[in-house]
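Participant: Predicted model follows, preceded by the sequence.
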Amino acid sequence: MTLIPTLTETVSRARTDLRMGLPVVIGAALVAAVETLSPDRLALMRMLGPAHLAITSWRAETLKARVYDNDLSRIELPPEADLRWLRSIADPAGDLMTPMKGPLKSLRGGDAAAERAAIALAKSAQLLPAVLVVPVESSPEGLTRLSPGPALEQLATEAAMAPVAAARLPLLSAENSKLHIFRPNDGASEHYAVEIGQPSRDKPVLARLHSACFTGDVLGSLKCDCGPQLHAALGAMGTAGEGVLLYLNQEGRGIGLANKMRAYALQNQGFDTVEANHRLGFEDDERDFRIGAGILREMGFGSVRLMTNNPRKVAMLEGHGIAVAERVPLITPRNRHNTNYLDIKAQKSGHLL
Ligand SMILES: Nc1nc2c(ncn2[C@@H]2O[C@H](COP(=O)(O)OP(=O)(O)OP(=O)(O)O)[C@@H](O)[C@H]2O)c(=O)[nH]1
Ligand SMILES: [Zn+2]
């Protein structure tokens, strides 16, 4: 152990840098997130050499740009491109008003490892997955530096979860409850576990992995089923006298609340929940379900009766050391605002509704 930052810590720093609009050095390139880049920093970066953009293949598909690097595209920057242009490539908000941004020229050949790591880093910072890249031989002092391969590997590694604090928390649905806080070792969000009663660690526990939904859980949004699912799950555990509900801070299926609102704005333009994610450049579901498995293991649970309609959650838990003894459906009422969303989840995401 030294006082020098580990790779995990350096990646976490780099994530914060991108959120603040600071470039980071990945391999032999200077990269910055388009979303947070200022005009001044853009000008300074462009003085260092020819720049290009990296976007995901989903975003490239919408923009009709060629994809030569599998999951991403490197787009040449036209000389006259300003920040407005960069943002129009990154953010689909204005796509319908200004559909033609091109023709876009995709770079071909060479190596896209730095771009791939930069996009993964931007996603982990819950920023739009679009980055400005300037290949450089030497880069200014003081910037966070990463090697592409190890950075990508680190971003794909399961974070270790440490229990931080726990206390009794009587709930409307179950007076005998306790709230546990878990902190990952990668500088990302904390997650919570509500333990109801004193469930045995030796038999399958009634469990729910709930992903945060500020709009549904807190505001009572009618657009999704999250709030009613949260309360139905706690209610069922209260009635049974025991259970464990993980509240995972993976808002918007892992893209964050700002991007979820971008997705909602696209849904107002007529795209469905899956199409909206893709137009933004994301996969339809960016959540890392290993987090839930890690917390259950940390709490001593090895087997669950899982309240979910999502077969992927079952498969991911099973794949990460938690036996799913039973899937318990969690069906909540439909309304005119969420019925299309629920149909799309059933048709495109395999939910059993
Ligand atoms: N990106 C995006 N996220 C959404 C949208 N609507 C709801 N969400 C998020 O979707 C997640 C729903 O999480 P869950 O209810 O735990 O998961 P699920 O995959 O629906 O599975 P089960 O509810 O267990 O059946 C939450 O993180 C919400 O914030 C949307 O239109 N776009
Ligand atoms: Zn919701």
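Facilitator: That came through fine. Ligands and ions are numbered 1, 2, ... in the order given.
Participant: What residues does the stretch 201-350 of the chain have near ligand 1?
Facilitator: Listed as neighbours of ligand 1 in the stretch 201-350 of the chain under the rule C-beta under 6 Å from any ligand atom: 210-213, 224, 226, 229, 250-253, 255, 260, 263, 273, 277, 308-310, 313, 330. For the C-beta atoms, the positions are set from N, CA and C on the backbone; glycine is no exception.
Participant: Tell me which entries of these lie within strands.
Facilitator: For those, membership in strands holds for His210, Ser211, with DSSP state E as the criterion.
Participant: what about the residue of the stretch 51-200 of the chain found nearest ligand 1, neighbour count?
Facilitator: Ranking the residues of the stretch 51-200 of the chain by distance to ligand 1 (C-beta to the nearest ligand atom) places Gln126 first, at 11.2 Å. Look at Gln126: counted by other C-beta atoms under 10 Å, it has 21 neighbours.
Participant: Any quick ChimeraX command for the buried ones out of the residues of the stretch 201-350 of the chain next to ligand 1?
Facilitator: Taking 16 or more other C-beta atoms under 10 Å as the burial criterion, the selection of buried members of these in ChimeraX is written as:
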select :210,211,212,213,224,226,229,250,251,252,253,255,260,263,273,277,308,309,310,313,330
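Participant: Now narrow the residues of the stretch 201-350 of the chain next to ligand 1 to whatever sits close to ligand 2.
Facilitator: The subset of those within reach of ligand 2, by C-beta under 5 Å from the ion, is Cys213, Cys224, Cys226.
Participant: where in the stretch 51-200 of the chain is pLDDT low?
Facilitator: When the per-residue scores of the stretch 51-200 of the chain are filtered using pLDDT under 70, the ranges that remain are 99-100.
Participant: One more pass at 90, please.
Facilitator: Low-confidence segments of the stretch 51-200 of the chain, defined by pLDDT under 90, span residues 79-80, 96-103.
Participant: And what about Tyr75, helix, strand or coil?
Facilitator: Just to correct that, residue 75 is Ile rather than Tyr. Three-state secondary structure (criterion: DSSP: H, G, I helix; E, B strand; the rest coil) places Ile75 in strand.
Participant: is it true that it touches Ile55?
Facilitator: Yes - under the criterion of C-beta atoms under 8 Å, Ile75 is in contact with Ile55, at a separation of 6.5 Å.
Participant: ok so, going back, burial measure for the nearest residue to the residue of the stretch 51-200 of the chain closest to ligand 1 once chain neighbours are set aside, as a count.
Facilitator: Nearest residue to Gln126, sequence neighbours excluded (C-beta to C-beta, 6 or more residues apart in numbering): Gly256, at 3.1 Å. Here the number of neighbours of Gly256 (other C-beta under 10 Å) works out to 20.
Participant: how about the closest residue to Ser221 other than its chain neighbours, secondary structure?
Facilitator: Nearest residue to Ser221 in three dimensions, chain neighbours excluded: Thr215, at 3.9 Å (C-beta to C-beta, 6+ apart). Going by three-state DSSP, the secondary structure assigned to Thr215 is helix.
Participant: looking at it, Thr215 is touching Cys224, isn't it?
Facilitator: Yes - counting by C-beta under 8 Å, a contact exists between Thr215 and Cys224, whose distance comes to 7.2 Å.
Participant: which residue sits closest to the residue most central in space within the chain in space, ignoring its chain neighbours?
Facilitator: Nearest to the mean C-alpha position of the chain, counting by C-alpha atoms, centre = their mean, stands Gly254 at 2.7 Å. Distances taken as C-beta to C-beta, 6+ apart put Glu286 closest to Gly254, at 3.4 Å, once the chain neighbours are dropped.
Participant: where's the one you found, which helix or strand?
Facilitator: For Glu286, there is no enclosing helix or strand under DSSP states H and E.
Participant: Can you read off the pLDDT for it?
Facilitator: Note on Glu286: pLDDT of 97.
Participant: wait, doesn't it sit right on Lys123?
Facilitator: Yes - counting by C-beta under 8 Å, Lys123 is a contact partner of Glu286 at 6.5 Å.
Participant: higher neighbour count, those two?
Facilitator: Counted by other C-beta under 10 Å, Glu286 and Lys123 do not tie: Lys123 has more neighbours, with 22 against 18.
Participant: The residue nearest to the centre of the chain touches Arg287, doesn't it?
Facilitator: Yes - using C-beta under 8 Å, Gly254 makes contact with Arg287 at a distance of 4.1 Å.
Participant: Tell me the residues that contact both of the two, please.
Facilitator: Common neighbours of Gly254 and Arg287 (criterion: C-beta atoms under 8 Å, 6 or more residues apart in numbering): Ser211.
Participant: What is the burial count for Glu137?
Facilitator: Burial of Glu137 is recorded as 7 neighbouring residues (other C-beta under 10 Å).
Participant: which residues does it contact?
Facilitator: Taking C-beta under 8 Å, 6+ apart, we find Glu137 in contact with Ala28.
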